[in-house]
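> build the 3D model from these lines:
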Amino acid sequence: MRPRKTDYGTVILHWLLVAAFAIALVSGLRIASEAPERTWINLFDAVLPRESVWTAHMQAAVVLFAVSVAYAIYLVRAGLGRRIQLDWIRVRGLFRRGQTRLGAINVILYWIFFVTMLTLIISGGLLYFGYFAGHDMAMVHWYGTWVILSFAGLHVLTHYAVGGASQLLRILRPTRLAPPPPQLDAVELLTLLVEQSARLQHDPERDGTLRGPQPALARGDRPRERPAVGNSIAQRPPATSPQGRASKPRDPTLQSNPFVVASAVAIIGASMIVAADRVAVDQLRVHRIDSAAAPVLDGDTSDRAWRDIQPFSLMTGQGGNFDGKGESRIEIRAVHDGTWAYFLFTWEDPTRSLKHLPLVKEADGWRMLHNGYDTGDEHEYNEDKFSVLLTTLDLTLAGDRTFHASPQPLTDAPATMTGRGLHYTSGATDYVDIWQWKATSGGPTGWMDDAHFGPPLEATPLQASNVEPYKGGFAPDPGVANYADNFVRQAGTSGGGDRTVLPRRLPRVLAATVAAMGDIDLDPDHGESDAARWFMTDAESIPYSPEEDARIPIGTVIPGVVIAGEFSGDRADVRCAARWASGHWALEVARRIDTNSRYDVPIKTGTFMRVAAFDRSQIRHTRHVRPIRLEVE
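Numbering: from 1, shown residues only. Next up is the predicted model:
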């Protein structure tokens, strides 16, 4: 039995698609592992990439698009449409047995694959460019991936059922493309019918066969002559000879045309997409204003400086909470007066969350409310936050210069306690500027914490022993902040999820502290009222003592944050004010255009920006893929 083969165009396109999808799959799984509910993907850490994850994923996506276009063109040009044609004959074949049913199933699987691949390409493009880039589109992309994986398994099984191992191995045995059958010509068909009729009339042997044995002729009898056929068509014209009707063998060079044409169109299409992506950069214009028109930092969006500016809007996703969807639309406006740059950030957040690790007194002592704090992944009792990243690095795609995936990206550093990656830069002098606003810690007093991503830091003894999470290259700028946690862990309770703590400070006037916290509702899904605040100042509190503790009744809730002093040093470069109303935060920010700090990035044309929102979450922030390029007037 001769081994089965497949035309070389199908073989090449098939394996290009398999390779591109494999790269897209492993890089996509690494990206998905950052989602809060998908840490199980880390079980495959050994085979998942750690560097240039987003770049590899997008490059594979471009190849998938190119191969899809090439295959569609190739099928048409090579006359192979019957291979995937889904008609009523194929549909009826589902209700039969044997090869007919298997063939119908195979074609239906092909169309499921085509539709799903198209869905993946479209949804991936929408996520990449930020259109409809929320939870629902991400879920479409996620489930589409598993449909393709299921198709791959069923595809192999179906082909094996059709022809066994020989059928599977034919994709490894390329051959020349078979010439297509000649096209049906109506005039030629009528001519063939007439010729066939004429041959039946003049063929004695056929006549004898049809009429049976003839009696012998008597002497003197003459055979009756048949009348001549007067139809000129009965004489076979040279143009309709069998040799004339047969298709001439196609030249091997011409047989490559379908594949060459398909490849050329696909390469041109992919090149246009890459070029358009590089040209169509997301831009935020920083408008020039007079110093007298500078906005007042009070969280009020009605300042004259913001009125006539069209906001830059983008959808961010893959975060935690936000009503279970992990998405938030962010709008940005920016102005400058030559010395200071001002930004207005507004984003969707269903609740005003201020409850940052609150302390509750119980019969056996004080306990801290948390869910994930021990591993550095608190996602219930945390404050709302917002972060801004500035860099001069050419960040073509998200995370490929500042974020490194895997539970242990650095072999000579502790593994992450969260199972997620680390932020750090590769160059010894590369620093990425990070601003962090916090709804309870520092933010209400007018400061946005100035920090940075830099080279990986050496782990502290507590980080090395997994008591505190190792943070890679993330660190605050030099200086002092004005907030601190209002608790210390008691001896012997640093791990294992034990929530027993000892407050650093207690309320000086308990009734005043409780009143400042507003209506106390410990449900993390419920936000706080407009006037509420969940921190104590030095003046409102006193150092902890057993005597003062004894005066506080069981069931009392006190803040987990203490505010004392001012920000100072490089850490104090960013000023801010925020307000929450009707499901949105509005944050006004001011910073000098150039602080002359090695840890800060000047605000100038060509600087790239990223933004992220946190809904009562420590690290589960939203994100976007494409960076925003600043254009400063």
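
> give me every residue that touches the closest residue to T175 other than its chain neighbours.
Excluding the flanking residues, the one nearest T175 by CB to CB, 6 or more residues apart in numbering is K5, at 3.9 Å. From N, CA and C alone the C-beta is placed, and that goes for glycine too. If you count contacts by CB atoms under 8 Å, 6 or more residues apart in numbering, K5 has them with R170, R173, P174, T175.

> just those residues: which are in strands?
The strands, defined by DSSP state E, take in P174, T175 from the contacts of K5.

> now list the buried members of the contacts of K5.
For these, a burial check counting by 16 or more other CB atoms under 10 Å picks out R170.

> show me which of the contacts of K5 is closest to A294.
P174 (68.9 Å; CB to CB).

> what about that closest one, distance to H14?
10 Å (CB to CB, to the nearest Å).

> show me where the protein has helices.
8-32, 53-77, 88-93, 99-129, 135-169, 186-202, 204-211, 242-245, 252-255, 257-279, 304-307, 461-464, 510-516, 546-550 (DSSP state H).

> TSV for the ones you listed, including mean pLDDT and mean neighbour count?
Shown next, in TSV, are these (pLDDT from 0 to 100; neighbours: other CB atoms under 10 Å):
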stretch	mean pLDDT	mean neighbour count
helix 8-32	93	19
helix 53-77	91	21
helix 88-93	81	13
helix 99-129	91	17
helix 135-169	92	15
helix 186-202	71	12
helix 204-211	46	10
helix 242-245	44	10
helix 252-255	44	11
helix 257-279	87	15
helix 304-307	93	15
helix 461-464	90	12
helix 510-516	95	14
helix 546-550	94	10
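
> turn these into JSON lines, including distance to F322.
JSON lines is the format used below for those (distance: least, CB to CB, whole Å):
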{"stretch": "helix 8-32", "distance to F322": "18"}
{"stretch": "helix 53-77", "distance to F322": "22"}
{"stretch": "helix 88-93", "distance to F322": "44"}
{"stretch": "helix 99-129", "distance to F322": "17"}
{"stretch": "helix 135-169", "distance to F322": "8"}
{"stretch": "helix 186-202", "distance to F322": "65"}
{"stretch": "helix 204-211", "distance to F322": "85"}
{"stretch": "helix 242-245", "distance to F322": "70"}
{"stretch": "helix 252-255", "distance to F322": "56"}
{"stretch": "helix 257-279", "distance to F322": "28"}
{"stretch": "helix 304-307", "distance to F322": "25"}
{"stretch": "helix 461-464", "distance to F322": "30"}
{"stretch": "helix 510-516", "distance to F322": "27"}
{"stretch": "helix 546-550", "distance to F322": "38"}
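
> for the ones you listed, which one sits closest to L422?
L422 sits nearest to helix 461-464 of all the helices of the chain, at 11.6 Å, using CB to CB.

> for that closest one, C-alpha coordinates in CSV please.
The C-alpha coordinates for helix 461-464 follow below in CSV (Å, rounded to 0.1, in the frame of the first residue of the first chain):
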residue,chain,number,x,y,z
PRO,A,461,16.5,38.1,56.6
LEU,A,462,12.7,38.3,57.0
GLN,A,463,12.2,38.0,53.2
ALA,A,464,14.7,35.2,53.0
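
> now what about it, what contacts it?
P414, E468, P469, Y470, K471.

> phi, psi of the third one?
Dihedral angles phi and psi of P469 (degrees, to the nearest 10) take the values phi -70, psi 140.

> can you name the residues that contact it?
Applying CB under 8 Å, 6+ apart, the residues near P469 are T375, G376, T416, M417, T418, Q463.

> out of these, which end up buried?
Among these, those classed as buried by 16+ other CB under 10 Å are T375, G376, T416, M417, T418, Q463.

> which one of the residues you listed sits closest to T392?
Comparing the buried ones among the contacts of P469 against T392 with CB to CB places T416 closest, at 27.2 Å.

> which residues are in contact with the residue nearest to R288 when sequence neighbours are not counted?
Among residues not flanking R288 along the chain, E633 sits closest, at 4.2 Å (CB to CB, 6+ apart). Residues in contact with E633 (CB under 8 Å, 6+ apart) are R285, V286, H287, R288, H336.

> can you get me a residue count around the residue nearest to the last one when sequence neighbours are not counted?
Okay, so that is H336. Distance criterion CB to CB, 6+ apart; nearest residue to H336, sequence neighbours excluded, is V286 at 5.3 Å. V286: 21 surrounding residues under other CB atoms under 10 Å.

> quick one: V286 and A341, what's the gap?
V286 is 6 Å from A341, by CB to CB.

> what is in contact with those two at once?
A334, V335, I603.

> let me know the closest of the contacts of helix 461-464 to M139.
Closest to M139, out of all of the contacts of helix 461-464 and judged by CB to CB, is P469, at 29.0 Å.

> now do the closest one, the pLDDT please.
P469 is assigned 91 on the pLDDT scale.

> tell me the contacts of the nearest residue to F474 once chain neighbours are set aside?
Nearest residue to F474 in three dimensions, chain neighbours excluded: H423, at 4.8 Å (CB to CB, 6+ apart). Neighbouring residues of H423 by CB under 8 Å, 6+ apart: T402, F403, H404, F453, K471, G472, G473, F474.

> model confidence for the nearest residue to the fourth one once chain neighbours are set aside, exactly?
Across the structure, with CB to CB, 6+ apart as the measure, the residue nearest F453 apart from its sequence neighbours is V432 (4.1 Å). Among the per-residue scores, V432 shows a pLDDT of 93.

> neighbours around V432, how many?
25.

> OK, contacts around it?
The contact partners of V432, taken as CB under 8 Å, 6+ apart, are L389, L390, T391, L393, R401, T402, T425, H452, F453, G454, V601.

> what is the burial count for the third one?
Other residues within reach of T391, judged by other CB under 10 Å, total 22.

> switch to numbering from 19
All set: I'll call the first residue 19, so the last point we hit is now T409.

> hmm, it is touching D451, no?
Yes - with contact defined as CB atoms under 8 Å, T409 reaches D451; the gap is 6.9 Å.

> need the residues touching each of these two.
Joint contacts of T409 and D451 (CB under 8 Å, 6+ apart) are V619.

> if I look at the nearest residue to G394 once chain neighbours are set aside, how far off is Y391?
Using CB to CB, 6+ apart and skipping the chain neighbours, the partner closest in space to G394 is P487 (3.2 Å). Distance of P487 to Y391, given as CB to CB: 10 Å.

> my guess is P473 contacts T443, does it?
Yes - the pair P473 and T443 passes the contact test of CB under 8 Å, sitting 6.0 Å apart.

> list residues touching both of the two?
By the contact definition CB under 8 Å, 6+ apart, P473 and T443 are jointly contacted by G491.

> perfect, I'm done here.
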